[in-house]
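> What follows is a predicted protein model with its sequence.
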Amino acid sequence: MIELKKNKDFAGPNGPVVLAIMDGIGIGKNPESDFVLQSATPNLDWLREHALYTELRAHGVAVGLPDDGDMGNSEVGHNAIGCGRVFSQGASLVGKAIESGAMFASGSVWDELIRNVINKESTLHFIGLFSDGNVHSNLNHLEAMLRKAKGQGVKKARIHALIDGRDVPPTSALEYVERFETFLNEINADGSVDYCIASGGGRMNITMDRYNANWDMVRRGWDTHVKAEGRRFASMKEAIETFRKEKPGILDQDLPAFVIERNGAPVGPIVDGDSVIFFNFRGDRALEITKAFEADELTEFDRGPKPDVLYAGMMQYDGDLGVPEHYLVTPPAIDRTMSEYLSNAGIKQLAISETQKFGHMTYFFNGNNSGKFPTETWVEIPSDSCPFEEAPRMKADEITDAVVQAIESGEYQFIRLNYPNGDMVGHTGDVNAVKVAVEAVDQGVGRIIEALKKTGGILVCSADHGNADDMCELDKKTGKLVLDDEGKFKPKTAHSLNPVPAIIYDPSGEAHASLADVPNPGIANLAATCISLLGFEPPEDYVPSLVKVG
Ligand SMILES: O=C(O)[C@H](O)COP(=O)(O)O
Ligand SMILES: [Mn+2]
Ligand SMILES: [Mn+2]
């Protein structure tokens, strides 16, 4: 059993250590684009002056992504925070597996998928997020797989394209369509194969729901990709242009579903004998559609007859559940998480958020495993089902109520929570709503401080990556805001590359904490920080604590 050593000089605080993750609240570089700065945040401002304060890297190689041009995201962020080390993440691992050829080795799942379609003269399908955002997927991976499939003699491939606009600029879909159509023209040019786009739709409309928030999205995706039911177009470009004309201002992520037809029939329904690859490497938004393909019985919606296909995910999405059964790349082996260490030490732990980020604080935090350790309690507050810009406080007040109650109950020694507002509302591009969202988080933090002042205990407040701190498109060359014809800035919906704050506030001073000299700290340092504030020595291979205690 893995164990933590006690710290001889500090036995832990009287009250709990509370780790508050303010999702998507980073430290902006450009005041005009920084809607954290433009919001009223008296509590965070006070903490910056009076608590221990430093800044942490939350993107690129600091969180296991291929390079520093990659923005952080919730998966890699919560993995790093919960596991105290930096693992090469999905985006890196898939890239390497393709480059080295390991993904295509003989006897691999890839091999099986290819043999299936060659033996049965059936179709190879790819479903996934159609961008190079590198959060859930990367179009480079899709193109590499299609090239390989052609080389191995696969005659017919169909692509089911989930339109992004959330990890990439909000109305950039046609750039990806154009790039991919050029690719398809090249690959189809010698007439030996027939590869084309078969269906798709906005990622927040079909297929990519998470944490069981809205299974109707998955039903719509199933009807579109599998049954090829829906509005028909001659091309993806025509579909997008039509939808934009019909609803000016619509964001890519919300675009309706479409089915591509040729000679009056859909080009790519998924039928018995086909192989299907879900090419997203990230699991949260892949688990439900995977269940729809794999489960013998499905109660969440009526699938109709389930086609008998060979289904594989790009990665294993859940290590505890062993889902999916077949996958192309082995995920990072994230072990010895902070939750496991604390559980073995008998520390009672509460994890809490609302539906949209509930799995972040549980499944991602525990290294993409859905199992609970013995001393953990998990609380999920149901999220609203309306668009987040319409109710930007989301469930921040309810989360705070539950956290304050948990602090006062004295039942837990470690409480971890996620406020989703800065991120979920940041993704809508609605900057007025973002201000309300950030202010709701600040008020929540204020109430947690008050509770900790009464009971003892220590606040560690940080974020998994930025978003609300960089809400406007900036010109890459000049660094100035990109303005439209009416002089209005263009909203940016994706995460930022900015650092995030790390605040350690011990109202009673019982931990005698001071900032340690840690070169280039990142969010992975938060795990050891919490462990040291709880009165233990962090595991030796965790990246170090941000504080010295005792
Ligand atoms: O899935 C999403 O909503 C976005 O791609 C990334 O946001 P998250 O990493 O904050 O969940
Ligand atoms: Mn996040
Ligand atoms: Mn996000």
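That came through fine. It should be emphasised that the depicted structure is a prediction, and the values quoted were computed from it without experimental measurement. Residues are numbered from 1 along each chain as shown. Ligands and ions are numbered 1, 2, ... in the order given.

> Show me the domain layout of the chain.
Per automatic domain parsing, the structural domains of the chain span 19-89+333-499+506-548, 92-329.

> so which of the ones you listed gets nearest ligand 1?
domain 19-89+333-499+506-548 (3.2 Å; CB to the nearest ligand atom). Just so you know, the C-beta spots here come from the backbone N, C-alpha and C atoms, and that holds for glycine as well.

> Just give me how far the closest one sits from the chain centre.
13 Å (CA atoms, centre = their mean, to the nearest Å).

> Close to ligand 2: what parts of the stretch 51-200 of the chain are there?
By the rule CB under 5 Å from the ion, the part of the stretch 51-200 of the chain lying against ligand 2 is residue 74.

> try 6 Å this time
Contact residues, the stretch 51-200 of the chain versus ligand 2 (CB under 6 Å from the ion): 74, 77.

> Find the closest residue to ligand 2 in the stretch 51-200 of the chain.
residue 74 (3.1 Å; CB to the ion).

> Could you report the neighbour count for that residue?
27 (other CB atoms under 10 Å).

> residues in contact with it?
23, 284, 357, 360, 364, 423, 464, 465 (CB atoms under 8 Å, 6 or more residues apart in numbering).

> so the last one makes contact with residue 495?
Yes - counting by CB atoms under 8 Å, residue 465 sits close enough to residue 495 to count as a contact (5.0 Å).

> Now for these two: what residues contact both?
24, 59, 71, 72, 73, 423.

> If you rank these by neighbours, which is first?
residue 24 (35 neighbours).

> Show me what from this structure comes close to ligand 2.
Counting by CB under 6 Å from the ion, the chain sits next to ligand 2 at 23, 24, 74, 77, 423, 464, 465.

> which ones are touching the second one?
So that's residue 24. Counting by CB under 8 Å, 6+ apart, residue 24 has contacts 420-424, 426-427, 463-468, 495.

> can you map out the strands along the stretch 201-350 of the chain?
Per DSSP state E, counting those that start in this stretch, the stretch 201-350 of the chain carries strands over the ranges 232-233, 258-262, 265-266, 275-278, 310-315, 327-329, 349-354.

> Which members of the contacts of residue 74 additionally contact ligand 1?
residue 423 (CB under 6 Å from any ligand atom).

> rewinding a little: just the closest of the contacts of residue 24 to residue 450, please.
Of all the contacts of residue 24, residue 450 sits closest to residue 421, with 19.7 Å by CB to CB.

> Just the pLDDT for the closest one.
Here, the pLDDT recorded for residue 421 equals 98.

> what's the distance between it and residue 23?
7 Å (CB to CB, to the nearest Å).

> quick one: which of these two has more around it?
Neighbours per residue (other CB under 10 Å) separate residue 421 from residue 23, with residue 421 holding more: 34 against 28.

> Residue numbers of the stretch 351-500 of the chain in contact with ligand 1?
Counting by CB under 6 Å from any ligand atom, the stretch 351-500 of the chain sits next to ligand 1 at residue 423.

> Please, where are all the helices along the stretch 351-500 of the chain?
Under the criterion DSSP state H, counting those that start in this stretch, the stretch 351-500 of the chain contains helices at 355-359, 396-409, 421-426, 431-455.

> Tell me which of those sits most buried.
Neighbour counts (mean count of other CB atoms under 10 Å) averaged over each of these peak at helix 421-426, with a mean of 30.

> what about residue 53, helix or strand, and which?
Here residue 53, judged by DSSP states H and E, is contained in strand 52-56.

> Could I get the CA-only coordinates of that strand as CSV?
Taking C-alpha atoms only, strand 52-56 is exported to CSV below (Å, rounded to 0.1, in the frame of the first residue of the first chain):
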residue,chain,number,x,y,z
LEU,A,52,0.7,33.8,-0.3
TYR,A,53,0.5,34.4,-4.0
THR,A,54,2.3,33.1,-7.1
GLU,A,55,1.6,32.2,-10.7
LEU,A,56,1.6,28.8,-12.3
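
> Name the residues of that strand that come out as buried.
Applying a neighbour-count criterion of 16 or more other CB atoms under 10 Å, one finds 52, 53, 54, 56 buried in strand 52-56.
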